[in-house]
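1. here is a sequence together with a model predicted from it:
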Amino acid sequence: MTYFAHSENKAGYKELVSNHLFETSKLAGSFAMMWGRREEAEAAALCHDLGKYTELFNKVLVREAIKIDHATPGALVLIKQYNLRGLAAAIAVQGHHDGLVSGIPRELEASVKMKEEVSNCGKTYSSREPDTLLRMLDGEGLRLPLDIDSDYPERYKANHCIAAMLYVRMLFSALVDADFLATEAHFNSSIENAYEYRKDGKPLQPAILFSLLQKHVENLRIKTKASITIKNIRNELYDECIMAGSLKRGIYTLTAPTGSGKTLAMLAFALRHAQLHNFRRIIIVLPYLNIIEQSVNVYRGVFNDNKDTDLILEDHSLAELPEDIRLLAENWDAPIVVTTTVRFFEGLFASRSSACRRLHNISNSVILFDEAQSIPQKLATYTLASMSYLVERFACTTVFCTATQPAFDFFHHSVKNHTSLGWQPESLIKSSDELAKKARRVNVQWYGSIEWEYIAERLKHKRQALTILNTKNQAKRLYLLLCESTPDEQNFHLSTDMCPAHRLYILARIKKLLESNMQCRLVSTQCIEAGVDIDFPAVWRALAPLEAICQAAGRCNREGKLNYGELHVFRPPLEDEFFPDDSYQKAALEVQLMLAEKGNLDIDDTLTLREYFCRYYRQSAYKADSGKLADAIKSYDFHAVAENYNWISQNTINILVPYLEKIESFKRLTEIARKGKISREWLKEARSIAVSHRFDSKSAIMNVLEPIIHKNEEKTGWYILLDRKAYCPKIGLNPGDVGDIYIS
C-alpha cells in the first residue's frame, strides 16, 4: 500500500508520507541548528506524522474516517528510541495538532502508551505498533538519528520550569513551522513529488541599514526645532548607544528621559550590535498600538521603506499587510519585526502551533522592549525568566528601554529558580543619571485631596493645559464641569470610551491648536501617557503610580521650549478617588506613603524611582509564587499556562460604535455583521470604530447592544451599539448612568 500525508494539491498530486517527513525534518533541523539541536528537531520531524503510515489514515484523506490521532504513535516511538532524551521531542510531536499538554515525564509516558480506546481529545489512534511504524520508516530509506541531545531532562531535573517549558516550545516551533511550510509547498506545487516553497524573508544587513540611519539622524539634527538642551541630550544618548553596540550579548537596560530620542538611539545600538555578533533579526516589542504605528512610521522614514516591502514587518491586530507580507508574519521571517507585548510574550507561554510557530525565529536576535514598566507585576518573575533564558540559551540580547526603569533585579533570585542566569541587567549607557538631570524641564507640585471645582477653576485660567485622571468617569465629570465655565471649542476629552478613529481626530486637532498657540484644554484618562507625542506647558495629574506620574511629566514642556513646565499632582475628592485595579491602587498608595515620609519626591531621580519600585514589589512578593498561573507552571501544564498568562483582561467585548465621521463605514459594517459574514477585512475596518469595554451582564449598556453572531452561530465577542445617542461626539461611549467605568 502507498501511504499519503496530504491530499491532492492544485495539480492533482497527493503527497507521500516519506516525502513529507523528509522535507519537514530537513527544515526543522535547519531551524534548531541555531541552538545546536539539529538532530533532536530532525527526530521530532521524522516522527511527527509517522502515524500516517496506516490504512486508517489513508481513509482520513478520502473522508472515510474522522477524529484520528496520528501524532501519539510518533511520540511513543521517540520515547522508546531515546528514553529521557526524547521527552521534549515527544511532547512537541504529540501536541503538533491539538496543542502542547503535559511536560511531566510520567504523564507523557502514560498518555503515549495508548491504553485507552481513544485519546483525551476523543480521537482514535491510527496505530498502536511503534515497531511496525519504524520498519515502515526504514523501508522508505529514512532513519532516525542514532542518538540525540536535549536540554529538557536536565532542566526538568533542576526544576527550572520556565526554562524547561520554553525549551520545549522552541523545539515545538521548529517542528510546526517546518510542518506548515512543507505542507504549504506541497499544495503550491504543480509537479509530482516536488515542492514549491514561499520566498524566504530577506536577511538583515545591519551595516547598510546603519548607514541609512546615520544619514537620517544627521538630517534631523539640522532640521530640529528643539531647544539646545534637548538637542544635546538626544545627541549624547544616540552616540552612547552606538558605542554600546560593541558590548557582549546579554541583558541590558536603557534608561532615557522622555523626548530624548530613544526610538532612534536604541535602533542604532541594535544595528551595531547585530553587525558585531551576526544577529539574524531585530525584534522591537511595544505595549501600545499607537506607539507601534509611530515607531514603524519613523523606521520606514529612516530606511525609505513602505509597507509593501519585507524589510520591516509590522505584526499586530490592526496591521494591514499585503498577502505575501502576511505570510512572513506567520513565522516572523523578516529582518526587523515590530510587534506588541501581548503577541510577543503570550507567544512565549503559548501551547498552540499558530502562536508558537514564530518562536524559533526569535533565536539569535536583538530584542528591544520599549516601555518596560508595562510588565504586570504578577507576571514579572515568569516574564523575566523567559527573557533570561532566551539570552542564556538561544543567543539573544535583550534591552529593556524606558524613562522609568523598574528595579527588576529585585526579582533576580526568583528568576534564578527558573533559569541559571537570573536577572542582573547592565546599563547600556553610563550617563543615565546625568541625562535625567539635564532633561529636567518640569517643576512638580504635590497636593492633597482637592475638589473638582477647584481644579476646573485653575484650568479655566490656563491657555493650554492637560489633565489626566485615573477613570473614565473622573475624566467625564471634570470635562463637563470645565465646559460649564469655558467655551466648548476650547475643551477636549480623550479616553478609551472613544474609538481609535475618534481619538486620532481629537489628537490631531489638539496638536494644531498647540502649534498655533491657541487656547486648548484636554481632560484625558491615562491613554494619553505613553507614545503620544504632545507638549503642554501645564499638566495636572491625579495621584497614580510613580511611573505614570513620570509619563504625565513627559507630556509637559516636552520640547524644552520653557525653562520649566508645571506638573500638579493631586488626589481627587475622596468620594471620587477610584483606580483601574488593585495593583494600580497599591502602587499609587505607595507614592502617597513616600510623600508622607519625605514631604516631596524628585521624579527625575533614578534612586527615588528605584526605591519606589522595590517598595511596591515587596508588597506582593509573598504572592509571587501562588495562583492559577504559578500552579500551572509548577505542574508543567502547557495548556493551563497559556490560559492563565494574560497581559490584559480577557473579559472584554468590542462594541461597534456610530462615530459620526465614519458613519457610512458603521452602516456598511453593521449590514455585513448582521449577515454573519465576519472576515479578516471586516475586523481590520471595524477596529478603527470600535470601543473595547469590560463585560458586565448587569451593566446598563447591555440594553443598547446587539450581539454579532457568526454565520456558524458562534458568538464573536463583538456587539453593535443600537442607540446612536449613546455615542457622544465629545466623550464617546455614554449610555447613561452605568457606574464608574474603569479604563480598559
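-> Yep, it's here.
2. tell me the helices and strands packed up against the helix or strand where Leu368 lies.
-> Per DSSP states H and E: Leu368 is located in strand 365-370. Using 3 or more Cβ pairs under 8 Å, 6 or more residues apart in numbering; DSSP states H and E as the contact test, the elements touching strand 365-370 are helix 262-277, strand 281-286, helix 380-393, strand 397-402. Any C-beta I mention is one placed from the backbone N, CA and C, and that applies to glycine too.
3. in the sheet, which strands lie alongside that strand, parallel or antiparallel?
-> Within its sheet, strand 365-370 is paired with strand 281-286 (parallel), strand 397-402 (parallel), according to DSSP bridges.
4. before we move on, back to that, can you tell me which of the helices and strands packed on strand 365-370 is most buried?
-> strand 281-286 (a mean of 26; mean count of other Cβ atoms under 10 Å).
5. what's the offset of stretch 129-147 from the middle of its chain?
-> Here stretch 129-147 is found 41 Å from its chain centre; the criterion is Cα atoms, centre = their mean, to the nearest Å.
6. enumerate the positions of that stretch that are buried.
-> For stretch 129-147, the neighbour count (16 or more other Cβ atoms under 10 Å) marks 130, 133-134, 136-137, 140, 142, 144-145 as buried.
7. that one: end-to-end distance?
-> End-to-end span of stretch 129-147 (Cα to Cα, to the nearest Å): 21 Å.
8. same deal with stretch 533-553?
-> Using Cα to Cα, one end of stretch 533-553 lies 12 Å from the other.
9. that one - what's its average pLDDT?
-> Mean pLDDT, stretch 533-553: 94.
10. repeat that for stretch 660-673.
-> Here stretch 660-673 scores 95 as its mean pLDDT.
11. could you do stretch 176-187 as well?
-> On average, the pLDDT along stretch 176-187 is 97.
12. number the chain from 7, please
-> Okay, using 7 as the starting number, the last item reads as stretch 182-193.
13. now tell me what touches that stretch from outside.
-> Contacts with stretch 182-193, where a contact means Cβ atoms under 8 Å, 6 or more residues apart in numbering, come from 12, 15-16, 21, 25-26, 29-34, 37, 47, 51, 54-55, 98, 102, 201-204, 336-337, 359, 362-364, 366-367.
14. out of those residues, which end up buried?
-> 12, 15, 21, 25-26, 29-31, 33-34, 37, 47, 51, 54-55, 98, 102, 201, 336-337, 359, 362-364, 366-367.
15. taking those one by one, which sit in strands?
-> The members of these that map onto strands under DSSP state E are 12, 21.
16. and Val376, what is it in contact with?
-> Not Val; residue 376 is Asp. 268-269, 272, 290-293, 297, 301, 407-408.
17. before we move on, back to that, of the buried residues of stretch 135-153, which is the nearest to Ile248?
-> Nearest to Ile248 among those is Pro151, at 44.1 Å by Cβ to Cβ.
18. low-confidence ranges, the stretch 457-606 of the chain, go.
-> 536-537 (pLDDT under 70).
19. and with 50 instead?
-> Counting by pLDDT under 50, the stretch 457-606 of the chain contains no low-confidence range.
20. so what's the one residue sitting closest to the centre of the chain closest to, chain neighbours aside?
-> Centroid check for the chain by Cα atoms, centre = their mean gives Thr347 as the closest residue, at 2.0 Å. Closest residue to Thr347 apart from its sequence neighbours, by Cβ to Cβ, 6 or more residues apart in numbering: Pro293 at 4.6 Å.
21. how many other residues sit next to that neighbour?
-> 20 (other Cβ atoms under 10 Å).
22. would you list the phi and psi of it?
-> Torsion angles at Pro293 (phi, psi; degrees, to the nearest 10) stand at phi -80, psi -20.
23. what sits against it?
-> 346-347, 376-377, 380, 536.
24. any chance of the contacts of Asp376 in TSV, plus pLDDT and distance to Thr502?
-> Listed next are these as TSV, based on pLDDT from 0 to 100; distance: Cβ to Cβ, whole Å:
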residue	pLDDT	distance to Thr502
Lys268	91	25
Thr269	91	24
Met272	96	27
Ile290	96	24
Val291	95	21
Leu292	92	17
Pro293	86	14
Ile297	78	15
Ser301	86	20
Cys407	94	24
Thr408	91	22
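25. make TSV out of these and add distance to Ser455.
-> Formatted as TSV, those follow (distance: Cβ to Cβ, whole Å):
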residue	distance to Ser455
Lys268	35
Thr269	38
Met272	40
Ile290	41
Val291	38
Leu292	35
Pro293	31
Ile297	33
Ser301	38
Cys407	35
Thr408	30
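26. closest to His508 out of those?
-> Using Cβ to Cβ, the contacts of Asp376 come closest to His508 at Ile297, 18.6 Å.
27. the closest one touches Glu377, doesn't it?
-> Yes: at 6.9 Å, Ile297 counts as touching Glu377 under the criterion of Cβ atoms under 8 Å.
28. pick out whichever of the two has more residues nearby.
-> Using other Cβ under 10 Å, the more surrounded residue of Ile297 and Glu377 is Glu377, with 23 against 20.
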